[in-house]
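> A structural model of the following input is requested.
(2 chains)
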Amino acid sequence: MPNVGAELASVPFGKMIYDMASAIARSQIALDKASIELVKVLANTTFDYVPDVVETLMPNPRPVKGVMDSQGNQLMVTGVLVQTDVGTAFPLTLLQAGVNPTFYAFTNSTIEVKMSISSTQESSNTFSAGVSVTASADFLFASGSVSSHVNFSASNKYSYSVTGSSSMSTTLAPVPPPKNMMPRFFLVNAIDPAKVTVSQS
Amino acid sequence: MAFQMYMVAFNGGFSQDASRSVQHHIRKLNGFTLMVMKTGIIAAFDDGLVLAVQAHPSVKLVGGVTLSPHGYAADRLQRIFAENLSKQLEVRGE
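Next up is the predicted model:
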């Protein structure tokens, strides 16, 4: 008779968990490498950033041709002149601007093993026995015979099947960039060099 | 599947033809170009299409990006992205 406990014990759980953990670790390294590569691309991508545009509204009174006021003077209307002063552009990297790489982490992993063990046994026996007696008598002779038979048959049917399936699932979620993988930004104020601001995305 | 923002970095140096070709490729995949730079494109497309975008010969790397509100120019970048996105939606008639 098969032992269900032995069948379950033969499932290589340890190896399955190790293989899955190993695959996750390799994938995590590959994902982190790709994200670090992206940090380099973002840090080396610059664009010209215009910090500010100053628009000054200047008075611009102008006369209305052919229209006089009640005192006979040329009618003046309030005009406005917009004076635009575009600040000097400077290169800014995408990282400084606020574009951060997405880092991913495996948050939850599940291994599911399903086993179905079925075992059936069927036995049948048949028995039959018979006796036949014949006798005859004549003028000088008399005879008799006895015969008997026994039939016995036995059959055993035995079936055993094990089916199994396993599934592995894992969740990949975006996470904030790890501090150690992101550069720090030092802002030195040249007007007051003592003021240094350190920031990190 | 969901739309996400990606940095699509070019392979090698900048070339106008390669940049346009990558932009067309992204558009064919129903993605949107949000900003074009010399080293690559910031685009938005379905996260199931990363490998398809990566398959373009002029693409070196495709990586997900997010916009940090603490960035120096995050609000302006957001505005630029929104403007460029609205232009593409208009052209497509959606």
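> ok, which residues in chain A are in contact with chain B?
Applying Cβ under 8 Å from any Cβ of the partner chain, one finds that chain A approaches chain B through A:34-35, A:37-38, A:41-42, A:44-45, A:47, A:49, A:92, A:94, A:96-102, A:104, A:174, A:199, A:201. All C-beta spots, glycine's among them, are computed from the backbone N, C-alpha and C.
> so which of those are in strands?
Counted as lying in strands by DSSP state E, out of those, are A:47, A:49, A:92, A:99, A:100, A:101, A:104, A:174, A:199.
> quick one: least confident of the residues you listed?
Within these, residue A:199 has the lowest pLDDT, namely 77.
> which among the residues of chain A next to chain B count as buried?
A:34-35, A:38, A:41-42, A:45, A:47, A:49, A:92, A:94, A:96-102, A:104, A:201 (16 or more other Cβ atoms under 10 Å in any protein chain shown).
> so where do the helices sit in chain B?
Using DSSP state H, the helices of chain B run over B:16-28, B:50-54, B:74-92.
> relative to chain A, which of those helices is closest?
helix B:74-92 (3.3 Å; Cβ to the nearest Cβ).
> relative orientation of the closest one and helix B:16-28 in degrees?
Interaxial angle of helix B:74-92 relative to helix B:16-28 (axes from the mean of the first three to the mean of the last three Cα atoms, to 10 degrees): 70 degrees.
> can you name the residues in contact with helix B:74-92?
Outside helix B:74-92, the residues within contact range by Cβ atoms under 8 Å, 6 or more residues apart in numbering or on different chains are A:97-99, B:5, B:27, B:32-35, B:42, B:44, B:67-69, B:71.
> all helices of chain A, in order?
Listed in chain order, the helices found in chain A under DSSP H are A:4-9, A:13-44, A:94-97.
> low pLDDT regions in chain A?
Chain A contains residues with pLDDT under 70 at A:1-2, A:4, A:201.
> tell me how it divides into domains.
With domains defined by automatic domain parsing, chain A comprises A:4-47+A:92-122+A:161-200, A:52-87.
> quick one, which of those domains is packed in tightest?
Compared across the domains of chain A, domain A:4-47+A:92-122+A:161-200 shows the largest average neighbour count, a mean of 13 (mean count of other Cβ atoms under 10 Å in any protein chain shown).
> report the distance from that one to the chain centre.
9 Å (Cα atoms, centre = their mean, to the nearest Å).
> got a pLDDT number for residue B:88?
On pLDDT, residue B:88 comes in at 88.
> gap between it and residue A:171?
For residue B:88, the distance to residue A:171 equals 32 Å [Cβ to Cβ, to the nearest Å].
> give me the phi and psi angles of residue A:69.
In terms of degrees, to the nearest 10, the main-chain angles of residue A:69 are phi -90, psi -180.
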